[in-house]
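Undergrad: after the sequence you'll find the predicted model.
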Amino acid sequence: MATPTPLPTRADLAKKATRYRLFAGILSWLDRYLSWPLPTRPALELTIPSTTSKTPGVIQLYFFTGTGTLLSPGEDEEQPHAKRPVLINFHGGGFAIGHPLDDARWIAAVLHAHPDAVVVNLRRNIRSPCHGVDAVIWLWEHAGQHRLDRGRFVLCGDSAGGNLCLTVPLRLREEIIKRREHQRESPGIKLAGLIAFYPSTDWSRSRIERDATNPTASRKSMITADMFKFFDESYLMQENLPRKAGTDEIDMAHPYVSPGLADEGLILASYPEHVAIYTCGWDQLLVEGNAFRERLRGFVGVGGLVSVGGMVIEDVIHGFDKRPSFFLGNGARDRLYGDAVRQLEVMWKEQKGKGKGSRGFVSGEG
């Protein structure tokens, strides 16, 4: 009888993480410092407590602005000024590696098109929807301090961060309901939109099954089978996974893991009016991402969603936009970011000045 392979310890995973983070860090450094134009750097870094998650800890927030400061030239902190639209971004890296600065190119594209905006990027210790909920609630409660427009909160993320972008609204609704029941009050948080780049949406499929849906992906990808195994072992820790109701059986189809399989009623009660999902042609996540985008489009005009944008970026691998381009540029990345910025403009423009009664107001009802 074969001896079962022991599960890796946290120490084992930490050793692997160090190696993979070093490799990813080199690529990110080359993109930020040896690729033109040079992207912006954070204007402010803050650390906030994690309160929703069962795992104690802190969350690091990186604020980016078009001017490099939270004040524009000539502004006075003591004088009234316009509130700024907010993009809350979850970076990728398999829930195990990566850094907020990896998204510097996307952030630069956003701030170039919307110089009045604030982009808040969350560090890699954001590994569950609970941590994302903590960050959203904290930013909502401290919006006045940083002149953030509560009516224009958009969530965004790539890869693992794309998964969080799509699961955080579902978990946020649950948290608001809990707070209302126990405290008789809760924040009524309004989301203006969601933008997900090549997200994982269906964890009920194994990596082998995902590759089978798009055979080109395994031949083109720069992510090895060992790296996928490391990502899965780091994130899918058994003690952290949801269980099927009334049992101890792990539920990989749970909406907080697999948003693409979430119940229609939960999606419509949690998601804002505008959603955009982008996928990569040479990616094992292509089929599930496309399927979720098409499913959401079926709710437009019937279930409450106003628009579902996004598209397939053909002939590119997962995470293609994070590779250093040096002085050559990256046309596919420009198409991706250009379309996403236009989606973002619609999300912010249509929500500006609306009250709490507009779609996307997560009140815990429904």
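TA: The structure has been received and is ready for your questions.
Undergrad: which phi and psi does Glu273 have?
TA: The phi and psi torsions at Glu273 (degrees, to the nearest 10) take the values phi -70, psi -30.
Undergrad: how about Trp203?
TA: Geometry field for Trp203 lists phi and psi as phi -80, psi 0, criterion degrees, to the nearest 10.
Undergrad: give the contact list for it.
TA: Leu236, Met252, Ala253, Val257, Ser258 (C-beta atoms under 8 Å, 6 or more residues apart in numbering). Placement of C-beta: from N, CA and C, glycine included.
Undergrad: narrow these to those that are buried.
TA: In the contacts of Trp203, burial by neighbour count holds for Met252, Ala253, Val257, Ser258, counting by 16 or more other C-beta atoms under 10 Å.
Undergrad: and the two most separated of the residues you listed?
TA: Spanning the widest gap among these are Ala253 and Val257, at 7.5 Å by C-beta to C-beta.
Undergrad: about what we covered before: in CSV: the contacts of Trp203, plus pLDDT.
TA: Output for the contacts of Trp203, formatted as CSV (pLDDT from 0 to 100):
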residue, pLDDT
Leu236, 64
Met252, 84
Ala253, 91
Val257, 91
Ser258, 95
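Undergrad: inside helices: which ones of those?
TA: Using DSSP state H, no member of these falls in helices.
Undergrad: kindly reformat those residues as CSV containing distance to Lys83.
TA: As requested, the contacts of Trp203 are arranged in CSV below (distance: C-beta to C-beta, whole Å):
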residue, distance to Lys83
Leu236, 39
Met252, 40
Ala253, 39
Val257, 35
Ser258, 35
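Undergrad: quick check: the farthest pair among those?
TA: Across these (C-beta to C-beta), the longest gap, 13.3 Å, separates Leu236 and Ala253.
Undergrad: the spatially most central residue of the chain: which element?
TA: Geometric centre of the chain, nearest residue: Gly157, 2.7 Å, by C-alpha atoms, centre = their mean. Gly157 is part of strand 148-158 when elements are defined by DSSP states H and E.
Undergrad: pull up the pairing partners for that strand, direction included.
TA: strand 84-90 (parallel), strand 189-197 (parallel) (DSSP bridges).
Undergrad: alpha carbons of that strand, as CSV, please.
TA: Only the C-alpha atoms of strand 148-158 are listed here, as CSV (Å, rounded to 0.1, in the frame of the first residue of the first chain):
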residue,chain,number,x,y,z
LEU,A,148,-12.3,59.6,-1.2
ASP,A,149,-15.7,59.6,-3.0
ARG,A,150,-17.8,56.9,-1.4
GLY,A,151,-20.0,56.9,-4.4
ARG,A,152,-17.2,55.9,-6.7
PHE,A,153,-15.5,52.8,-5.2
VAL,A,154,-14.4,50.4,-7.9
LEU,A,155,-12.6,47.0,-7.1
CYS,A,156,-10.0,45.6,-9.5
GLY,A,157,-7.5,42.8,-9.5
ASP,A,158,-5.5,40.4,-11.7
